[in-house]
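Peer 1: need a 3D model of the following:
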Amino acid sequence: MLGFFDYTVWLTYISLLSASLGIMVTLNGGGHPYLGVFFLLICGLCDAFDGRVARTKKDRTDIQKNFGIQIDSLSDLAAFGILPACIGNAMIRVCPTIYEIPPIRGGRRIDITMSILFFTIMLVYVLGAMVRLAYFNVMEEERQKTEDGARKYYQGVPVTSAALIFPTVMLAQFLTKADITPVYFVFLLITAIAFVSNIKIPKPGLRGILIMCGIGLVEFIALIVALVMFVGNR
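Peer 2: Modelled structure (predicted):
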């Protein structure tokens, strides 16, 4: 059988499956962006620890290591590149009718100019995520030829930051009856630019990862509470 299936790749596989389910949910029927965000948070949790879990196996071959690097990037493209764009697509179709207020787009009709702009931003975002992941893989391979150990800095904003950025934006919808769809797409564009910006960001240690996981957990619980309150008020 092709591939590797030991415990070192399980979290990466789970992340890809979660991303795939999120994409399917957001694109199915009318789509629901908030369910997509739950799957995005799960992807973020898996990605936070997949590398650390993989490094616990000391006898990995170079082929196994390279396989792990490749599937991690492929999974990240689906989870943090395509899924956030699909969530944005679902927002175009769903918000603000979830509040049963007069839709500013007349029953999901949207101005053609805005439609083109939103879809262009989604495409730019996915492209930015792919370019960043490919560039990181190439540079990491070159770095390992001259340096040992893990890198201490990221070049550009990691694509995994999407797991915290977009749930935060989505939570804002429950604080206002105004349609935040344009705000989501502004963040989508800014994040895409940040992916390919040549800036150095310190790589977080275990403490930083745990803090980010804590933030993600708070967002996860807040989304559940917000959705339960919304359903209860209908």
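Peer 1: pull out the buried residues from the longest helix anywhere in the chain.
Peer 2: Using DSSP state H to define each element, the chain has its longest helix at helix 112-146. Buried positions in helix 112-146, judged by neighbour count with 16 or more other Cβ atoms under 10 Å: 118, 121-122, 125-126, 128-130, 132-133, 136. For glycine as for every other residue, the C-beta is placed from the backbone atoms N, C-alpha and C.
Peer 1: list just the nearest of these to Lys203.
Peer 2: Top of the list for closeness to Lys203, among the buried residues of helix 112-146 and by Cβ to Cβ, is Phe136 at 11.8 Å.
Peer 1: residues in contact with that closest one?
Peer 2: With contact set as Cβ atoms under 8 Å, 6 or more residues apart in numbering, Phe136 has these partners: 73, 154-156.
Peer 1: centre-most residue in this protein?
Peer 2: Per Cα atoms, centre = their mean, the C-alpha nearest to the average position across the chain is that of Phe80, at 2.9 Å.
Peer 1: residues contacting it?
Peer 2: Contacts of Phe80 were listed using Cβ under 8 Å, 6+ apart, and they are 40, 43-44, 47, 129, 159-163.
Peer 1: most widely separated two among these?
Peer 2: Greatest spatial distance in the contacts of Phe80: Gly44 and Ala129, 14.0 Å, computed using Cβ to Cβ.
Peer 1: between those two, what contacts are shared?
Peer 2: 80, 162.
Peer 1: about what we covered before: dump the contacts of Phe80 to JSON lines, plus secondary structure, distance to Gln64 and pLDDT.
Peer 2: Converted to JSON lines, the contacts of Phe80 look like this (DSSP: H, G, I helix; E, B strand; the rest coil; distance: Cβ to Cβ, whole Å; pLDDT from 0 to 100):
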{"residue": "Leu40", "secondary structure": "helix", "distance to Gln64": "28", "pLDDT": "96"}
{"residue": "Cys43", "secondary structure": "helix", "distance to Gln64": "22", "pLDDT": "96"}
{"residue": "Gly44", "secondary structure": "helix", "distance to Gln64": "24", "pLDDT": "94"}
{"residue": "Asp47", "secondary structure": "helix", "distance to Gln64": "19", "pLDDT": "92"}
{"residue": "Ala129", "secondary structure": "helix", "distance to Gln64": "25", "pLDDT": "96"}
{"residue": "Val159", "secondary structure": "helix", "distance to Gln64": "23", "pLDDT": "94"}
{"residue": "Thr160", "secondary structure": "helix", "distance to Gln64": "22", "pLDDT": "93"}
{"residue": "Ser161", "secondary structure": "helix", "distance to Gln64": "27", "pLDDT": "93"}
{"residue": "Ala162", "secondary structure": "helix", "distance to Gln64": "27", "pLDDT": "95"}
{"residue": "Ala163", "secondary structure": "helix", "distance to Gln64": "26", "pLDDT": "94"}
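Peer 1: from the residues you listed, which single one is nearest Val196?
Peer 2: Out of the contacts of Phe80, the member with the shortest distance to Val196 (by Cβ to Cβ) is Ala129, at 9.2 Å.
Peer 1: tell me if I'm right that the closest one and Ala194 touch.
Peer 2: No - Ala129 is not in contact with Ala194 according to Cβ atoms under 8 Å; the separation is 10.7 Å.
Peer 1: re earlier: the longest helix of the chain: what's the following helix or strand?
Peer 2: Heading C-terminal from helix 112-146, the first helix or strand you meet, by DSSP states H and E, is strand 153-155.
Peer 1: now that next one: buried residues?
Peer 2: When neighbours are counted by 16+ other Cβ under 10 Å, the buried residues of strand 153-155 are found to be 154-155.
Peer 1: which residues are contacting it?
Peer 2: Applying Cβ under 8 Å, 6+ apart, the contact partners of strand 153-155 are 135-136, 139, 198-203.
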